[in-house]
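J.: Sharing a model prediction with you, sequence too.
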Amino acid sequence: MNLLNDKIESIACLIEKCLSESGDDALPLDIKELADKLINESQIYNQWFVPDHVRYSLSLAVEECRFLNERLSNLPNIRDQANVDETDDHALCLYRPSAPLEGVLEMLLFALKYKQCVLHVAEGQKTILETFIKIIETIPGLRNKLIISEKPVTNPRNVFVIGKINQTMKDYLSKYKFKQNHEEGTSVLISRDPDPQQLSALANQVCMFFGRSRNSCKVLYVHEDFNLKVLQPYFDEYKEQLFHNKYFNNYEYRKSVMIINNIPYEEIGPLLVTESQLQAGYVSVLCIQRYKKEEDIADNYLSGRFKMVTKSKKSELEWGKHTLSYFCRNYEETAGDTCF
């Protein structure tokens, strides 16, 4: 195992300890306090970041660190791109995701690859990221590698955007060499007779993170005679989301829009389910698109806007799981191409 693998495994082990309630994995008091703040206080600063979702994100971070380590060990081309032969270059990262800790694996790799990674962070993300960095930089060699700054960086050589930015910012960054990792949401095709495991995975893909993750399912392709009531018990497991103030406000607003505009919809669990393409992509809304033949889906207007999640060789449960990193989300489809 090389130096990069060692660092990534150290990160995975530390996060794992932050999640553990076992006395065998006791953390130093200062790190324990930071972990408790990360999980339990993030919602104070960003109402969307509820404790259960932060824990879920941390558990995904552990899995994805180890997923990446496996790929680094087996695929030299990825290892070469993510090498830790540090240069004097600095990376500038604009951090704008909507779900807690999304994209942190990429940020950690920037910190290992470059002399320093300077972060410009959206206000609602700042506290959770500051706390996460304080935990991570207790690992030897990572102190002061990730810096949150509000000062502009002059003529940055390496610019990465994680999340959504407006057109003005894109135009400004176009004079530099920059890469952006962002998706508006995804689409999922389910079979004519889906099994319970697939439907449970689907509900997670639609509802986790209040449907605000870049890979939350926004469009569901179903056969023309599919009965939507089959989805009811699986989405009902997330119905308590309606008690979340910000989510319920979105729900009520979208419901009003559909009523005023005579758009047919059904209320299933915490969702407004509609076949109107104009409603696709909104929080609390799942857009249903019916098909006769699967090959016709490529011609659907929404197929270019919402990238389809493919099951590939994964099990149904793994297929339905969210990811934090863009690398892990796209690994099989890009044959190992990273965001570096």
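T.: Nice, thanks for sending it over. Numbering: from 1, shown residues only.

J.: going forward, measure contacts and count neighbours with C-alpha atoms only.
T.: OK.

J.: Report the rounded mean pLDDT for stretch 36-46.
T.: Mean pLDDT, computed over stretch 36-46, is 96.

J.: Could you report the neighbour count for Ile260?
T.: Residues lying near Ile260 (other CA atoms under 10 Å) number 9.

J.: and it, what does it touch?
T.: By CA atoms under 8 Å, 6 or more residues apart in numbering, Ile260 lies in contact with nothing.

J.: Show me what whichever helix or strand Phe67 is part of is packed up against.
T.: Using DSSP states H and E, the element containing Phe67 is helix 51-74. Where contact means 3 or more CA pairs under 8 Å, 6 or more residues apart in numbering; DSSP states H and E, helix 51-74 is packed against helix 3-19, helix 29-40, helix 76-81, helix 104-113, helix 326-334.

J.: Would you point to the one among those helices that's packed deepest?
T.: Most buried of the helices and strands packed on helix 51-74 by mean neighbour count (mean count of other CA atoms under 10 Å) is helix 104-113; its value is a mean of 22.

J.: Following element in sequence after that one, please.
T.: Next along the chain after helix 104-113, with elements defined by DSSP H and E, is strand 116-121.

J.: Which elements pack onto that next one?
T.: Packing partners of strand 116-121 (3+ CA pairs under 8 Å, 6+ apart): strand 90-96, helix 104-113, strand 146-148.

J.: picking that back up, show me which positions of the helix holding Phe67 end up buried.
T.: 51, 53-66, 68-69, 72 (16 or more other CA atoms under 10 Å).

J.: between the helices and strands packed on helix 51-74, which gets nearest to Ala203?
T.: Ala203 sits nearest to helix 326-334 of all those, at 17.9 Å, using CA to CA.

J.: pLDDT on the closest one, on average?
T.: According to the model, helix 326-334 has a mean pLDDT of 59.

J.: any idea of the mean pLDDT for stretch 306-317?
T.: Mean predicted lDDT for stretch 306-317 stands at 65.

J.: err, stretch 264-279, not the other one
T.: In this model, stretch 264-279 has a mean pLDDT of 97.

J.: Report the buried residues of that stretch.
T.: Neighbour-count burial for stretch 264-279, with 16+ other CA under 10 Å as criterion, is recorded at Tyr265, Ile268, Gly269, Pro270, Leu271, Leu272, Val273, Thr274, Glu275, Gln279.

J.: How many residues are close by the residue lying closest to the second one once chain neighbours are set aside?
T.: I take that to be Ile268. Sequence neighbours aside, Gln232 is the residue nearest to Ile268 in space, at 5.7 Å (criterion: CA to CA, 6 or more residues apart in numbering). Using other CA under 10 Å, Gln232 is surrounded by 15 other residues.

J.: was I right about Gln232 contacting Gly269?
T.: Yes - if you go by CA atoms under 8 Å, Gln232 and Gly269 touch, sitting 6.3 Å apart.

J.: what touches both of the two?
T.: Here Gln232 and Gly269 share no contacting residue, scored by CA under 8 Å, 6+ apart.

J.: Sticking with the residue nearest to Ile268, tell me its helix or strand.
T.: Assigned by DSSP H and E, Gln232 falls in helix 232-236.

J.: Just checking, which helix or strand of the protein averages the lowest pLDDT?
T.: Using mean pLDDT, DSSP states H and E, the weakest-scoring helix or strand in the chain turns out to be helix 76-81, at a mean of 48.

J.: Tell me where the stretch 201-340 of the chain has strands.
T.: Assigned by DSSP state E, counting those that start in this stretch, the stretch 201-340 of the chain shows strands spanning 217-223, 266-268, 271-274, 285-291, 307-308.

J.: which regions of this structure sit below the pLDDT cut-off?
T.: Counting by pLDDT under 70, the chain contains low-confidence residues at 1, 21-25, 74-88, 310-320, 327, 329-340.

J.: part of a strand, is Val188?
T.: Yes - looking at Val188 with DSSP: H, G, I helix; E, B strand; the rest coil, it is inside a strand.

J.: Which pair of the buried residues of stretch 264-279 spans the longest distance?
T.: Gly269 and Gln279 (17.5 Å).

J.: need the helices for the stretch 201-340 of the chain, in chain order.
T.: 232-236, 245-260, 316-319, 326-334 (DSSP state H, counting those that start in this stretch).
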